[in-house]
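[1] Mind folding the following:
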Amino acid sequence: MRDLAGIKASLVKAMQASTVPEARALYTALKGQRAWVSDMWNRPSTLTAYAGLADIYESHSDFARRDQTPGKGFSRWLPAAMRAGTRRMPEA
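    Sure, this is the predicted structure:
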């Protein structure tokens, strides 16, 4: 969980610095988040599954409420960044 907290803090800081979700600078943090997701799922997080998780983060009220806590707009910014990240990440 400590790894995830560090990743999330990095992403929040990027959002607060007005980094666009499509920025290449987010690649390392998003790659780390995806690796964490894979660890939690005990299987690789495919790009489709990772993008689907972004959809859940955006559409499910519990996730949206949780992701508003670190900063206004984060619940919309994070899924957009995750989806953009999948366009740069290798499948495995």
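[2] can you tell me which residues contact the residue nearest to the spatial centre of the chain?
    Taking Cα atoms, centre = their mean as the criterion, residue 82 is the residue nearest the geometric centre of the chain, at 4.5 Å. Contact partners of residue 82, counting by Cβ atoms under 8 Å, 6 or more residues apart in numbering, are 30, 33, 50, 51, 53, 54, 57. In this view, the C-beta of every residue, glycine as well, is placed from N, C-alpha and C.
[3] cutoff 7 Å now
    With contact taken as Cβ atoms under 7 Å, 6 or more residues apart in numbering, residue 82 is in contact with 30, 50, 51, 54.
[4] same question, residue 3
    By Cβ under 7 Å, 6+ apart, the neighbours of residue 3 are residue 36.
[5] do you know how far it is from residue 37?
    11 Å (Cβ to Cβ, to the nearest Å).
[6] How far does the lowest-mean-pLDDT helix or strand in the chain sit from its chain's centre?
    Scoring the helices and strands of the chain by mean pLDDT, DSSP states H and E places helix 61-66 at the bottom, with a mean of 84. Offset of helix 61-66 from its chain centre (Cα atoms, centre = their mean, to the nearest Å): 14 Å.
[7] which element follows that helix toward the C-terminus?
    Downstream of helix 61-66, the first helix or strand assigned by DSSP states H and E is helix 74-86.
[8] For that following helix, what is the distance to the chain centroid?
    For helix 74-86, the distance to the chain centre is 6 Å (Cα atoms, centre = their mean).
[9] which secondary structure elements does the helix or strand hosting residue 36 contact?
    Per DSSP H and E, residue 36 falls inside helix 27-41. Packed against helix 27-41 by the contact rule (3 or more Cβ pairs under 7 Å, 6 or more residues apart in numbering; DSSP states H and E) you find helix 2-16, helix 47-59, helix 74-86.
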